[in-house]
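In: here you go, sequence then predicted model.
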Amino acid sequence: GVAWMGAYLANWREVLPLQHCISALLFCSMVENAAWYAELEAFNGSGYRPYSGTLWAVGIGALRKAPTRALLLLAALGYGVVRPTLGAPETARRLWALSVAYLLSVGALDITANLGAIDDLTSSARLLLVLPVATLDAIFILWIFTALSKTLSQLQARRQQAKLDLYRNFTNLLACGVLLS
C-alpha cells in the first residue's frame, strides 16, 4: 500500500480514473484488515465474538469484494485505457445490477458464516448461500474474459502494440488467478 501510494503521488498528473479506484480499494482493504484484527483480538480476549465488530468487518469486506470485481470488469472492457466510455448505457446498468447482486449475496454469506457458533449452518443452508455467490462469480469471470477477448482483438486491429502487450499480460495474470482460486 505504501509503495502504491508513493507511485500514485509521484505520478498524480498521469493517473487514470481506474487508478483512483484501485487506490480506494487498497485503502478499503487496509481498513477491512484492521477491522478483522480488532474483531479477532476482542474474540481472543473474551472468548465471544463481538457482533458489532464482526458486522463491521464483514460489511467492509462485502463493500470491497463487489467493487473489486466491477473494477476488473471495467479494465477488461477497456474503460479508461482503450476507450473513454463503456459504450451502451445497458452495459453500465448490467454492471451495476451484477455488482449489487454480488454485494448482497456475499454479504449474506459472510454474515451467516461469521456470526453465531462456528459451523452452525446445515449443509443445505450453506449451499443456499454459497450457490448465488459462486454463480455470480462465474458470471463475472465469464464476462471479464469475454470482454478481454474483444479488447485484445480491438487492440490488435488498431495495431496498438504497447496496450496489446499490457492487456495480454493482464489476461495471463487473471487466468492464473482464476486457476489458483
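Out: Yep, that arrived.
In: where does the chain have low pLDDT?
Out: 80, 84, 86, 116-122 (pLDDT under 70).
In: find the residue at the geometric middle of it.
Out: Thr68 (2.1 Å; CA atoms, centre = their mean).
In: spatially nearest residue to that one, not counting backbone neighbours?
Out: Leu25 (5.7 Å; CB to CB, 6 or more residues apart in numbering). Yep, even glycine has a C-beta here, placed from its N, CA and C like the rest.
In: surely the one you found touches Ala70?
Out: No: under the criterion of CB atoms under 8 Å, Leu25 is not in contact with Ala70, lying 10.1 Å apart.
In: so between the two, which is more surrounded?
Out: Ala70 (19 against 16; other CB atoms under 10 Å).
In: strands of this protein, start to end?
Out: With DSSP state E as the criterion, the chain has no strands.
In: so how far is stretch 130-149 off the chain centroid?
Out: Here stretch 130-149 shows a centroid-to-chain-centroid distance of 12 Å under the convention CA atoms, centre = their mean, to the nearest Å.
In: just the residues contacting it, thanks.
Out: If you take CB atoms under 8 Å, 6 or more residues apart in numbering as the criterion, stretch 130-149 is touched by 69, 72-73, 76-78, 98, 101-102, 105-106, 109, 167, 170-171, 174-175, 178.
In: show me where the chain has helices.
Out: Taking DSSP state H, the helices of the chain run over residues 2-10, 17-46, 51-76, 89-114, 123-158, 161-180.
In: could these go into a markdown table alongside distance to Arg83?
Out: Listed next are the helices of the chain as a markdown table, based on distance: least, CB to CB, whole Å:
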| stretch | distance to Arg83 |
| --- | --- |
| helix 2-10 | 23 |
| helix 17-46 | 12 |
| helix 51-76 | 11 |
| helix 89-114 | 11 |
| helix 123-158 | 8 |
| helix 161-180 | 11 |
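In: against Phe145, how distant is the residue nearest to Thr68?
Out: Distance, Leu25 to Phe145, using CB to CB, to the nearest Å: 21 Å.
In: in contact with the residue nearest to Thr68, which residues?
Out: Leu25 makes contact with 64, 67-68, 71, according to CB under 8 Å, 6+ apart.
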